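**Q** got a predicted structure plus its sequence, pasted below:
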Amino acid sequence: MLAASGSRLVELEHRIRIRCRLDGVIPARPIGHRSGYTLLEIMLAMSVLLALTALSWPPLMRVYADFRVREATEDVRKTAAGTRILAIDQDVTFQFLYEPGGRQFVRLPYDVASTDSSSDRSSQTTTPITGQISGQLPEGMTFTTVSGTVGGQLSQDALNGLGLSGELTRVSWSAPILFYPDGTATFAVFEVNDLQSSTRRVSVRDLSGAVSVANRSQ
């Protein structure tokens, strides 16, 4: 008799719990207990992350491209400004040339016979001079001429002492930007561009020989 009564009580309690769950009185699982995230929740989180990445990626790429162009242009500016210092220190006219539409640039003592271009002011020397240097912009960047004329090719003799001088003889250079021993220079403006449309403008002042860098609009 006692066993039968106990069985009925257990069955009655079970029915009451089922009824309460259906009515919302007792939750189906304890509050605060979760075994993990559902597939729908994971897909929603991934969709939000992808949307945020898509919105932020283009601005980040533009910032990175502008940083690369700034760094590369600063290296060019330092080389050109160093050309003026060499001209003053060694009392010799130096020239800075770049490759329009390309990446190469060089610094050399100026000699009228070493290039097809001509200039109103010139200085010739047969004494060996130090300070020659060649360099190039990073991949994806190019020079553009803003003011001045296109020069020509340089002779092998003019490029002696530079690495890859054979390749440099095939480059079509800009007109030489001359830096004189008195600190003056020939006026010139050119730009450094990249594939992301980031541009920096380099200007050489004639009276002071100063080399400055600015945005295209400045």
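**A** Noted; the coordinates are in hand.

**Q** mind listing the strands for the protein?
**A** Along the chain, counting by DSSP state E, strands occupy 94-98, 104-109, 133-136, 141-147, 177-179, 188-194, 199-204, 211-215.

**Q** now these as TSV including distance to Asp66?
**A** Where C-beta positions appear, they are placed from N, C-alpha and C, glycine not excepted. Below are those laid out as TSV (distance: least, Cβ to Cβ, whole Å):
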stretch	distance to Asp66
strand 94-98	20
strand 104-109	21
strand 133-136	20
strand 141-147	12
strand 177-179	25
strand 188-194	9
strand 199-204	9
strand 211-215	9
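
**Q** can I get these in TSV with distance to Pro58 and mean neighbour count?
**A** Output for the strands of the chain, formatted as TSV (distance: least, Cβ to Cβ, whole Å; neighbours: other Cβ atoms under 10 Å):
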stretch	distance to Pro58	mean neighbour count
strand 94-98	30	28
strand 104-109	30	22
strand 133-136	28	17
strand 141-147	19	16
strand 177-179	36	27
strand 188-194	15	20
strand 199-204	18	21
strand 211-215	20	15
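
**Q** what does the domain assignment say about this protein?
**A** Domain ranges of the chain: 1-29, 63-215, per automatic domain parsing.

**Q** run through the helices of the protein in chain order.
**A** For the chain, helices defined by DSSP state H occupy the ranges 2-23, 39-90, 165-168.

**Q** lowest-confidence stretch among those?
**A** With a mean of 57, helix 2-23 has the lowest mean pLDDT of the helices of the chain.

**Q** distance of the residue positioned nearest the centre of the chain relative to Ser155?
**A** Computing the C-alpha centroid of the chain and ranking residues by Cα atoms, centre = their mean puts Arg68 first, at 1.9 Å. From Arg68 across to Ser155, the span is 33 Å (Cβ to Cβ, to the nearest Å).

**Q** follow-up on the earlier one: closest to Tyr37 out of the strands of the chain?
**A** strand 188-194 (42.8 Å; Cβ to Cβ).

**Q** dump the closest one to CSV, restricted to CA.
**A** In CSV, the C-alpha atoms belonging to strand 188-194 read as follows (Å, rounded to 0.1, in the frame of the first residue of the first chain):
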residue,chain,number,x,y,z
ALA,A,188,62.1,72.2,-60.5
VAL,A,189,58.8,70.6,-59.3
PHE,A,190,58.0,66.9,-59.6
GLU,A,191,55.8,64.4,-57.8
VAL,A,192,55.9,60.9,-56.3
ASN,A,193,52.8,58.9,-57.0
ASP,A,194,51.5,55.4,-56.2
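
**Q** need the contact partners of it.
**A** Contacting residues not belonging to strand 188-194 are listed as 65, 68-69, 72-73, 76, 98, 100, 137, 140-148, 174-175, 177, 199-204, 216 [Cβ atoms under 8 Å, 6 or more residues apart in numbering].

**Q** same thing but at 6 Å, please
**A** With contact meaning Cβ atoms under 6 Å, 6 or more residues apart in numbering, strand 188-194 is reached by 65, 69, 72-73, 140-148, 177, 199-204.

**Q** same check, this time on stretch 139-157
**A** When contacts are defined by Cβ under 6 Å, 6+ apart, stretch 139-157 is touched by residues 72, 98-101, 114-117, 169, 173-175, 188-195.
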